[in-house]
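Trainee: What follows is a predicted structure for the sequence shown.
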Amino acid sequence: MKAYTIIRSDDQYRQYSEDYKHLSAEYKVKPSQELLDIIDTIDLLIEKYDEQHPQLKTIDPIELIQSLMKENNINQQKLADLLQISKGHLSDILNYKKGLSKKVIRALSHRFKLEQEVLSQPYKFGSDLEN
């Protein structure tokens, strides 16, 4: 198995994120303590990098959600179900017609392992978009 070290670049971060996804899927099929330990190690390294590189805190929360949906191959219906809201409500959020509620922020934060403050950033929606 590959040795995982402290993340020092965005490229390494992306590679570890891919490894995390791949190994997590592998663990679902063939669980083992060794694999779980590697997954936990990668998770800690990614969290540490995120703490030290708060670039996500400047991104538009809606753009972030759309990006996470694409990266994780999650469609609107699946995300709406996950968030326990209607597909129409999610569509309004993604089209800047409605804001993110605390409940939705908590659910997204939990699902995508993000700090809630990343999704709580102010952004323009509704009539603000025209200004």
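Mentor: Sure, I can see it.
Trainee: quick one: buried residues of the helix or strand containing Leu68?
Mentor: Assigned by DSSP states H and E, Leu68 belongs to helix 61-71. Going by neighbour count (16 or more other CB atoms under 10 Å), the buried part of helix 61-71 is Pro61, Ile62, Leu64, Ile65, Met69. From N, CA and C alone the C-beta is placed, and that goes for glycine too.
Trainee: List just the nearest of these to Leu83.
Mentor: Ile65 (10.0 Å; CB to CB).
Trainee: Now do the contacts for the closest one.
Mentor: Leu79, Ile93, Leu94, Leu108, Leu119 (CB atoms under 8 Å, 6 or more residues apart in numbering).
Trainee: from what I can see the last one touches Pro61, true?
Mentor: Put plainly, it is Leu119. Yes - between Leu119 and Pro61 there is a contact at 4.7 Å, judged by CB atoms under 8 Å.
Trainee: where do the contact lists of these two overlap?
Mentor: Counting by CB under 8 Å, 6+ apart, the residues touching both Leu119 and Pro61 are Leu100.
Trainee: Helix or strand: which one has Pro122?
Mentor: Going by DSSP H and E, Pro122 is not in any helix or strand.
Trainee: distance of the residue nearest the centre of the chain from Pro61?
Mentor: Nearest residue to the geometric centre of the chain (CA atoms, centre = their mean): Phe112, 3.4 Å. Distance, Phe112 to Pro61, using CB to CB, to the nearest Å: 11 Å.
Trainee: Select the helix or strand of this protein having the lowest average pLDDT value.
Mentor: Sorting the helices and strands of the chain by mean pLDDT, DSSP states H and E puts helix 116-119 at the bottom, at a mean of 84.
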